[in-house]
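J.: dropping the sequence and predicted coords here.
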Amino acid sequence: MGLSAPPIPVSEERMQEATATLRSPVLRARERRHNRSLRRLVRDKVILVSLLFLALVGVCAAVPAVFAPFDPHHQSLRERLQPPLAASRDGHHWLGTDSLGRDVLSRVVFGARISVLVALSSVLIAGVIGLALGLVSGYFGGMIDDVIGWLTNVQLSFPFILLAVTVVAVLGPGLRNLILVLGVTTWVVYGRVVRGEVLALRSRDYVEAARVVGASNARILVRHILPNIVTPLIIITTFEVARIIIAEAALSFLGLGAGGGAISWGTMMADGRKDLATSWWIATMPGIAIMLAVLAINLIGDWVRDELDPRVAKA
């Protein structure tokens, strides 16, 4: 029975040269595709409007005091339940006031901070967990893959919102608990997609070339596999941000949100539901903000998916 030859140790320079020839055509094609995508983006008015709206939401989350005409916590019972465009002694309440006389527009602007913070933080946590487990599961296989697959199936057996409500109810409401729960309970999407991509990439020529010249498993994962799964990660992250915004609003609506008097779109909808028949704007305005933000993210996600998918024919 023949014995396989051990890997031949080579220098860093030769290792890079061995894979550069295989990867350079892919990089050049990717650069041309990015240039075409930018030209199409300029011509697509819907995507431009969506990007501008999300930029506005981001600025409101970063510096809400710039856009809020009033203090969102200021109460004035004389001006309670004022309809949109109502005038007051201090100025116009463009989106009306709530049952305590607080300006709805100011609260919508400040509510963007919680929604954006929770969405980005939770997606970051879920992405890191799912990426790490997906890489390990897809590359090494065997018992490691079986264990991670079992964990994935166990988590998928529970409805997402029910699992999140149960964990938050046990840990208690709070911004930190909310972010951790939403992050830990949404890693499965990343893990399954990353595992599938790694299974397809681990037998490619440039991966085999790196393995033959003596590259370690960690180097192959970081330098040769991870850069080639960035595209599906970007697409997943885009849609997951929209899903987390809805989940945060749902938990806040149920009283399991940030707590501590924090303003969020979900708590605003919960506060306005008792006055929905007579003062519809209290719950409707934050609901419209959620709808527009999620719609803009999904439109951009669809555009990103179409642009990054080489199988889609583009004009």
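T.: Arrived safely, thanks for sending.
J.: name the next helix or strand downstream of the helix or strand of the chain with the lowest mean pLDDT, please.
T.: Per-element confidence for the chain was summarised using mean pLDDT, DSSP states H and E. The lowest value among helices and strands belongs to helix 12-43, with a mean of 57. Following the chain from helix 12-43 toward its C-terminal end, the next helix or strand by DSSP states H and E is helix 45-62.
J.: other residues contacting that next one?
T.: Surrounding helix 45-62, the residues in contact under the criterion Cβ atoms under 8 Å, 6 or more residues apart in numbering are 41-42, 66-67, 109, 112-113, 115-117, 292-293, 295-297, 299-300, 303. (C-beta placed from N, C-alpha, C; glycine too.)
J.: could you redo the last one with a cut-off of 7 Å?
T.: Defining contact as Cβ atoms under 7 Å, 6 or more residues apart in numbering, one finds that helix 45-62 is touched by 41, 67, 109, 112-113, 116-117, 292-293, 296-297, 299-300, 303.
J.: and the residue most central in space within the chain, what element?
T.: Centroid check for the chain by Cα atoms, centre = their mean gives residue 241 as the closest residue, at 2.7 Å. Take DSSP H and E as the rule and residue 241 turns out to sit in helix 230-253.
J.: buried set for that helix?
T.: When burial is assessed from 16 or more other Cβ atoms under 10 Å, helix 230-253 yields the following buried residues: 231-233, 235-253.
J.: give me the buried entries from the contacts of helix 45-62.
T.: Buried subset of the contacts of helix 45-62 (neighbour count, 16+ other Cβ under 10 Å): 109, 112-113, 116-117, 293, 296-297, 299-300, 303.
J.: on that earlier part again, got a list of what the residue nearest to the centre of the chain touches?
T.: So, once contact is read as Cβ under 7 Å, 6+ apart, residue 241 ends up touching 119, 123, 297.
J.: which residues are in contact with residue 294?
T.: For residue 294, the contacting residues are 242, 245-246, by Cβ under 7 Å, 6+ apart.
J.: distance check, it against residue 244.
T.: Taking Cβ to Cβ, to the nearest Å as the criterion, residue 294 is separated from residue 244 by 10 Å.
J.: any buried residues in stretch 72-91, and which?
T.: Within stretch 72-91, the residues that qualify as buried by neighbour count (16+ other Cβ under 10 Å) are 72, 76, 79, 81-82, 84.
J.: below-threshold pLDDT in the stretch 201-315 of the chain: ranges please.
T.: Filtered on pLDDT under 70, the stretch 201-315 of the chain yields the residue ranges 309-315.
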